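*Asks:* coords please:
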Amino acid sequence: MEKLLLLLIIGALIAFVIYLWRPNRPSSPHAAPPPPPPPQDPFAQTHDLQGDPRSLKAGDMLDFGVERTWIRGTLRLSEGGYAWAEHFLEIPEGKRWLSVEADPDVQMAMWTGRPELDLTPYSDTIDFEGARYRMVERGSAAYRSEGTTGLPAQGGMDYVDYEAPDGSHLAFERFDHGRWEVAIGTTVPNGSFTIYPGG
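*Replies:* Sure thing, here's the model as predicted:
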């Protein structure tokens, strides 16, 4: 009797295991398989194919159509509840970076460092290269450094931003109470480059 009971239990276990491992078992009797995704044009110029600039990081490649460059390092900046990023680009000499902020729409600018300029951000207007720049913003932020930026892993910075009537930018940044660094910038429209994620 005990052997018969044991055989019944083993048989029930085997039947249960076979039921669980049956291939192509529908999840419910009336569930239809999901339809395949529609065909997509791999060369269509859509925002999704270009990538989301808010997700940029060190190691990503940017293709501007006439130029390709890599992000060597990124600063993640925050002031109060507001956050933005500066991405340092690979160039043969000098210093260039792309700033990305969402306010709430994505706004980007390409910056070129101008260490030879002897300017300070202590007035409301600055006359520079034939244009009068007016101060639009100033403040202090905390930063976190990723990749190669030339800065410590974290710290603080001060900034003062100016803008000319034609929309060109003049910016001053001072990291960890150091000297002011000057940069000129131009607005980068959304869709100006394609992102190829690195790593």
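*Asks:* so how far is residue 182 from residue 132?
*Replies:* Per CB to CB, to the nearest Å, residue 132 is found 16 Å from residue 182. C-betas here are computed from N, CA, C, even on glycine.
*Asks:* same deal with residue 72?
*Replies:* Taken as CB to CB, the span from residue 72 to residue 182 is 21 Å.
*Asks:* tell me which of residue 132 and residue 182 has more neighbours.
*Replies:* When residue 132 and residue 182 are compared for neighbours, residue 182 comes out ahead with 20 against 11, by other CB atoms under 10 Å.
*Asks:* just the CA coordinates for the helix or strand that one falls within, please, in PDB.
*Replies:* Using DSSP states H and E, residue 182 sits within strand 181-188. This file holds the C-alpha atoms of strand 181-188, laid out as PDB (Å, rounded to 0.1, in the frame of the first residue of the first chain):
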ATOM      1  CA  GLU A 181      37.300  81.500 -16.500                       C
ATOM      2  CA  VAL A 182      35.800  83.200 -19.500                       C
ATOM      3  CA  ALA A 183      33.900  81.500 -22.400                       C
ATOM      4  CA  ILE A 184      31.900  82.600 -25.400                       C
ATOM      5  CA  GLY A 185      28.900  80.500 -26.500                       C
ATOM      6  CA  THR A 186      26.400  80.000 -29.200                       C
ATOM      7  CA  THR A 187      23.000  78.400 -29.000                       C
ATOM      8  CA  VAL A 188      22.700  74.800 -30.400                       C
END
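*Asks:* show me the contacts for residue 183.
*Replies:* For residue 183, the contacting residues are 95, 97, 111-114, 170-173, by CB atoms under 8 Å, 6 or more residues apart in numbering.
*Asks:* with adjacent residues omitted, what lies nearest to it?
*Replies:* With CB to CB, 6 or more residues apart in numbering as the criterion, residue 183 has its nearest non-adjacent residue at 4.4 Å, and that residue is residue 111.
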